[in-house]
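Undergrad: sequence plus the predicted model coming up.
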2 protein chains.
Amino acid sequence: MKDVAARAGVGLKTVSRVVNGEPGVTPDTGRRVQEAIGLLGFRRNDGARVLRKGRTATVGLVLEDLADPFYGPLNRAVEEGARAHGALLINGSSAEDPDRERELALALCARRVDGLIVVPAGDDHRCPEPEIRAGVATVFVDRPAGRIEADVVLSDSFGGAREGVAHLVAGGHRRIGFIGDRPRVHTATERLRGYRAAMADAGLPVAGSWVSLGATAPERVSAAARSMPAGPAPVTAVFAADNRVTVTVVRVLAAGVRPVALVGFDDFEPADLLRPGVTVVAQDAAALGRAATDRLFQRLAGSRPSPARIELPTRLIARGSGEIAPAH
Amino acid sequence: MKDVAARAGVGLKTVSRVVNGEPGVTPDTGRRVQEAIGLLGFRRNDGARVLRKGRTATVGLVLEDLADPFYGPLNRAVEEGARAHGALLINGSSAEDPDRERELALALCARRVDGLIVVPAGDDHRCPEPEIRAGVATVFVDRPAGRIEADVVLSDSFGGAREGVAHLVAGGHRRIGFIGDRPRVHTATERLRGYRAAMADAGLPVAGSWVSLGATAPERVSAAARSMPAGPAPVTAVFAADNRVTVTVVRVLAAGVRPVALVGFDDFEPADLLRPGVTVVAQDAAALGRAATDRLFQRLAGSRPSPARIELPTRLIARGSGEIAPAH
DNA sequence: CTGAAAGCGCTTACAG
DNA sequence: CTGAAAGCGCTTACAG
């Protein structure tokens, strides 16, 4: 900038004005400065700018895994939200590791991001980052964070699961299985609660062997999906509590002898290409991202509402697998 | 930092030394400084640091769409590569819009990212960013950039398509269709070239009606997929040149009367759940990301090889759809 | 309309 | 082992 000023024969401040399109520069002076900028290939250094201005126009996003298709639309929605406010997105994967999550959040704070959007690592029940409590505006998405008091944007896991299971009940099923993630994962327990509520609503009992919580590894899920439709109280339908579980269950059921109905939580790519199509309770990952970003920028704009829990509705999409009649 | 120095009764430089773990501080002094840091909740401002050091420890990634599942693993791989070098990732979507791509690249340059990884917008044949030519280390991935001389990391589209089509030929097919993206998309023409090469290798003619290039919108692709197995010279197999095309073709063929064999370029999520499973020529998006990041950091480390075109091999995965025998 | 001085929070290059 | 001075590239708050 100094070079540009020298070249154009003006002061530093004038260059600054031209670069930032501020008023108070004669057209002629402006032109001279522009010329010098072009000649020297000058680009404003936003880092230096930030140092004075305070705001970095940067948002940090910490999620579980950038490679997970579920987070793609969320990621993109946050980007778009940030972009609408002239901000860039720095993001990273926690890889479900609380230490790595913390490390990432700290690095983002050291870069002085204006705000942080965090998908908390699944099993982190420790108190999160002191810096978040200290000051950086933060919104949690997809899962609630430990015991922290902060904004959180979630899908309605309870209501969605309840609706999905009620759909099976309405189809005539009375023995329905539930396969979900480990109990320490919040969404898993919420969805289980929804399952139990739907069963209770219909006055149906739940046998112990119909509920299976645990790692979403294919081996464990396969075993559960194989055993439930067998035995003394065989289920005629299964509710799969997330997309990893659903995909495995589809495989197992396709290989089984009797048709078993299936409703899954989370939509997944070509669920409609399968025969039968997979009926799902879809959550809107992009809407989650949008809501979180909106909330964040409201806070950045100075609004100070007390921390809220925002729940977004889910949507049941019937495609066939959930409409299979019970085999008595 | 000034406050910490005052509180600990030391100079600024001593605080700096402690914060950065530099030697030359007595344990006792170190302790006092650490205490003051804890008390004041001090965090180094990396922005200020960067201003002096020159390097930002930040890598920029510009791709088509953060929400696209294909780019998830690439995104993650770049993140991991950057992380291994202590760098953070700023990324954004070009949304296939050359202007937006340029705007993003400029914003990243203004932030003084150390390096840039770019998936060029599909149809950009203009000369790309002057700043890239000017200096920021840049590696292009997945598609070559205009006419620029820079590193580019690609999948072997030609070889992959050739292998996929040869697989169909080996299965007894003699009339094979090709459905791909618009001709201005580099990968589309490369794959078409691979198709033609495989047909030529086998001494098979290619009828004009067997080749369809154009937008990957479902309507157009459906029309092509419906017409090819009909008419006077009906194809018995189709090669779909990318995953968007493949998904649409699967839908159409499933609804058709005669079985038509299918091989797709790009793997997609539950291609193995479908009946039959979809045979694909898979490219390794994570490997693309890794190779690009490696190349970038080699340059950042000071190595100055001349720009290279790095091609990664693809892998044929037979799952059933590509092994359907020709219906004569 | 224009510019010189001070300062954002750190590090570099020195000197003690 | 320790610290004062200068400077990274910009903007803020003034003064002319």
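TA: Thanks, I have the structure now. Keep in mind that what you see is a predicted model, and the values were worked out from it rather than measured.
Undergrad: distance of the residue of the stretch 1-150 of chain A found nearest DNA strand C from A:Met1?
TA: Minimum separation of the stretch 1-150 of chain A from DNA strand C (Cβ to the nearest atom of the strand) falls at A:Gly11, amounting to 2.5 Å. Backbone N, C-alpha and C define where each C-beta goes, glycine included. Counting by Cβ to Cβ, to the nearest Å, the separation of A:Gly11 from A:Met1 is 11 Å.
Undergrad: so how far is A:Leu51 from the residue of the stretch 1-150 of chain A closest to DNA strand C?
TA: 20 Å.
Undergrad: so which of these two has more stuff around it?
TA: A:Leu51 (16 against 10; other Cβ atoms under 10 Å in any protein chain shown).
Undergrad: got the buried residues for the helix or strand harbouring that one?
TA: Per DSSP states H and E: A:Leu51 is located in helix A:46-53. By neighbour count with 16 or more other Cβ atoms under 10 Å in any protein chain shown, helix A:46-53 contains the buried residues A:Asp46, A:Gly47, A:Arg49, A:Val50, A:Leu51.
Undergrad: now do it: which elements does it pack against?
TA: helix B:46-53 (3 or more Cβ pairs under 8 Å, 6 or more residues apart in numbering or on different chains; DSSP states H and E).
Undergrad: which other helices and strands does the next helix or strand after the helix it packs on contact?
TA: Downstream of helix B:46-53, the next assigned helix or strand under DSSP H and E is strand B:58-63. Under the contact definition 3+ Cβ pairs under 8 Å, 6+ apart, strand B:58-63 sits against helix B:71-84, strand B:88-93, helix B:98-110, strand B:115-118.
Undergrad: which of these is buried the deepest?
TA: Highest mean neighbour count of the helices and strands packed on strand B:58-63: strand B:115-118, a mean of 27 (counted as mean count of other Cβ atoms under 10 Å in any protein chain shown).
Undergrad: on that earlier part again, and the nearest residue to the residue of the stretch 1-150 of chain A closest to DNA strand C once chain neighbours are set aside, how close does it get to B:Ala82?
TA: Once flanking residues are discounted, A:Gly11 sits nearest to A:Ala5: 6.1 Å by Cβ to Cβ, 6 or more residues apart in numbering or on different chains. Look at A:Ala5 and B:Ala82: by Cβ to Cβ, they are 35 Å apart.
Undergrad: close to DNA strand D: what parts of chain A are there?
TA: Applying Cβ under 7 Å from any atom of the strand, we find that chain A lies next to DNA strand D at A:1-2, A:12-13, A:16, A:19-20, A:42-45, A:48-49, A:51-53.
Undergrad: buried residues in stretch A:297-315?
TA: In terms of neighbour count (16+ other Cβ under 10 Å), stretch A:297-315 has its buried residues at A:Phe297, A:Arg299, A:Glu311, A:Leu312, A:Thr314.
Undergrad: the fourth one and A:Ala287 touch, don't they?
TA: Yes - A:Leu312 lies in contact with A:Ala287 (Cβ atoms under 8 Å); the separation is 5.5 Å.
Undergrad: hang on, A:Leu108 packs against A:Leu116?
TA: Yes - under the criterion of Cβ under 8 Å, A:Leu108 makes contact with A:Leu116 at 6.1 Å.
Undergrad: shared neighbours of the two, anything?
TA: A:Gly60, A:Val62 (Cβ atoms under 8 Å, 6 or more residues apart in numbering or on different chains).
Undergrad: next up, phi/psi of A:Leu316, please.
TA: phi -80, psi 130 (degrees, to the nearest 10).
Undergrad: wait, what's in contact with it?
TA: Per Cβ under 8 Å, 6+ apart, neighbours of A:Leu316: A:Gly160, A:Glu163, A:Gly164, A:His167, A:Val263, A:Thr279, A:Val280, A:Val281, A:Ala282.
Undergrad: distance of it relative to A:Val169?
TA: Computed as Cβ to Cβ, the A:Leu316 to A:Val169 distance reads 13 Å.
Undergrad: repeat for A:Gly320
TA: Taken as Cβ to Cβ, the span from A:Gly320 to A:Val169 is 18 Å.
Undergrad: ok, now A:Leu154?
TA: Using Cβ to Cβ, A:Leu154 is found at 25 Å from A:Val169.
Undergrad: now swap in A:Ala285 and tell me
TA: For A:Ala285, the distance to A:Val169 (Cβ to Cβ) stands at 27 Å.
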